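> structure here, sequence nowhere to be found:
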Ligand SMILES: [Zn+2]
């Protein structure tokens, strides 16, 4: 009895399902096969294009499919049905014209959002997929992943070959492949040349304008704020000639097949707008007009480019320590040269190898002989040597001051650093007046004994006699000590040696030629002890020296 009941229920459910099935205007298997074949078994969503169909390992005569013959207008009405059209007949709904071949995920996707996937869009997908399948007949197949991987490999290999000469031209389908890819891209818009380079697993496309072509591309920004910001960047570009970056998600290109293709490819990429640059052989030197001498700082390549009304020639040399930027306004004929000294490039260097320091010291010495020297940059523009800056009225003193100051400071710090056992590096150029004074004194002492001349009448020291050695006091009392005094002291506290905290050693100061006066020291504990004041007389000198050179590193 119980059993009968259960069976009955099950049967009625099955029957109900059959009835529902009849209400749905499903495709016949023959229609499904037709839909699949029309698009070559590839998902019709242009952003997907996966293969939906292939053999299984299990059954040699079987196959595996993730493809679905999906309805463009729903097969049945009701909640969840999308794009249902009550005016259509059952035959129309189950006809091939109402079907589109998709992969399972895409078929789910289109059945969740009628607004995003309207009938017209799906029909367009279907048309494009069928056209594509037709064009692909007889062509080699390659998936997008495979293509991307092969492309990166090929570009990396071709790049390596081009830059290093390492590689095998025998395996040359790769460079040829890259060439073909670049050609294909260039053909999309013949005004441009496309170069590809591989960085890690990413491809970078460098697009430049062919000579003589006008390169107008429209950019449509996603909103006004973004557009305003981009406009500011563009004005900056025209003003300075320096490259700018735009976020790829902020805009779309319009009107060029090449750039529109980029619209589809970009995710979180960056568009870099750089002016096209031409190398200009350049020489930077100092020229003394008084002595008619020159000091060459470096020969290097600068780069010429134009932006708006301006022509720029920009370059740097000596590992970026010196840079120059010539700005020539084509309308006003105004020429401006900016020089920069960038000692930050030294940060991180070992004191034992500060790049270009000897050369820059020579330049400082050159400037010491004639501080009016001009800094000249000479360009070789297609064989014409054009010097700039010889007669310019730029005020170079602030630059020279800064340059001489830093170069000498680094050189002095280096002298101290080499007296310390550990290998030190420059980690900061930010030093206080106190640090700088100690760096100057100690480096001088290390190089040779430092002799300071003292001005007449200067009070050199005041001391309690009890702190002076007994024989010295005795010698003074005997009236003989008018020419020689030895003091051991530490000159100042720990100091910052360009980012390294250092404890200086005790050094000796020897006074030669002075006058001493005794007095009763009222500040002494007993109030009656004898004090001594030492004054400079004509020709007084103090010679500082260090016995052992034991600088101690505190943060090493
Ligand atoms: Zn798909």
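Yep, that arrived. A quick note: this is a predicted structure, and the numbers were derived from the prediction, not measured. Numbers count the residues shown, from 1 in each chain.
> going by C-alpha atoms from here, please, whenever you check contacts or count neighbours.
Fine.
> could you report the neighbour count for residue 139?
Using other C-alpha atoms under 10 Å, residue 139 has 7 neighbouring residues.
> could we number from 3 for the rest of this?
Sure, I'll start numbering at 3, so the last one becomes residue 141.
> enumerate the residues of this structure near the ion.
45, 50, 105, 108 (C-alpha under 5 Å from the ion).
> out of these, which is nearest to residue 507?
residue 50 (73.9 Å; C-alpha to C-alpha).
> quick one: which of the residues of the chain next to the ion is most hemmed in?
Ranking these using other C-alpha under 10 Å puts residue 45 first, with 29 neighbours.
> thinking again about what came up before, make JSON lines out of the residues of the chain next to the ion and add pLDDT and secondary structure.
Listed next are the residues of the chain next to the ion as JSON lines, based on pLDDT from 0 to 100; DSSP: H, G, I helix; E, B strand; the rest coil:
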{"residue": "45", "pLDDT": "92", "secondary structure": "coil"}
{"residue": "50", "pLDDT": "83", "secondary structure": "coil"}
{"residue": "105", "pLDDT": "91", "secondary structure": "strand"}
{"residue": "108", "pLDDT": "90", "secondary structure": "helix"}
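> using TSV, lay out the residues you listed together with distance to residue 505.
Below are the residues of the chain next to the ion laid out as TSV (distance: C-alpha to C-alpha, whole Å):
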residue	distance to residue 505
45	74
50	68
105	74
108	72
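> tell me the one among the residues you listed nearest to residue 134.
Of these, the one sitting nearest to residue 134 (C-alpha to C-alpha) turns out to be residue 45, at 11.5 Å.
> from the contact counts, what lies against the helix or strand in which residue 411 is found?
Residue 411 is located in helix 399-419, with elements delineated by DSSP states H and E. Counting contacts by 3 or more C-alpha pairs under 8 Å, 6 or more residues apart in numbering; DSSP states H and E, helix 399-419 is packed against strand 337-343, helix 359-371, helix 435-449.
> mean pLDDT lowest for which of the ones you listed?
Lowest mean pLDDT of the helices and strands packed on helix 399-419: helix 435-449, a mean of 85.
> ok, residues contacting it?
If you take C-alpha atoms under 8 Å, 6 or more residues apart in numbering as the criterion, helix 435-449 is touched by 411, 414-415, 417-418, 452, 493-494, 497-499, 546-548.
> repeat the analysis, applying 7 Å as the threshold.
414-415, 417-418, 452, 497-498, 546-548 (C-alpha atoms under 7 Å, 6 or more residues apart in numbering).
> tell me if residue 322 really is in a helix.
No - counting by DSSP: H, G, I helix; E, B strand; the rest coil, residue 322 falls outside a helix, being coil.
> ok, residue 79 - how many residues close by?
Residue 79: 15 neighbours (other C-alpha under 10 Å).
> what strand or helix carries the residue in the stretch 353-502 of the chain that the ion sits nearest to?
Using C-alpha to the ion, residue 429 is the residue of the stretch 353-502 of the chain that sits closest to the ion, at 55.8 Å. Using DSSP H and E, residue 429 sits within no helix or strand.
> that one contacts residue 350, doesn't it?
Yes - assessed by C-alpha atoms under 7 Å, residue 429 is found in contact with residue 350 at 5.5 Å.
> which one's more surrounded, those two?
Neighbours were counted for residue 429 and for residue 350 using other C-alpha under 10 Å; residue 429 has more, 16 against 13.
> confidence score at the more buried one?
Reported pLDDT for residue 429: 94.
> backbone dihedrals for it, please?
phi -120, psi 0 (degrees, to the nearest 10).
> wait, what's in contact with it?
Contacts of residue 429 (C-alpha under 7 Å, 6+ apart): 349-350, 500-501.
> please produce a ChimeraX select command covering the buried subset of those residues.
The following ChimeraX command selects only the buried members of these, with burial defined by 16 or more other C-alpha atoms under 10 Å:
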select :500,501
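> now render the contacts of residue 429 as TSV, adding distance to residue 437 and pLDDT.
Below are the contacts of residue 429 laid out as TSV (distance: C-alpha to C-alpha, whole Å; pLDDT from 0 to 100):
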residue	distance to residue 437	pLDDT
349	18	96
350	19	95
500	9	94
501	11	93
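> sheet-wise, list the partners of the longest strand along the chain with their directions.
Scanning the chain for the longest strand, with DSSP state E as the assignment, gives strand 531-548. Sheet pairing here is set by DSSP bridges, and for strand 531-548 it gives strand 452-455 (antiparallel), strand 461-466 (antiparallel), strand 509-523 (antiparallel).
> mean confidence for the helix or strand following that strand?
Downstream of strand 531-548, the next assigned helix or strand under DSSP H and E is strand 554-555. Average pLDDT, strand 554-555: 70.
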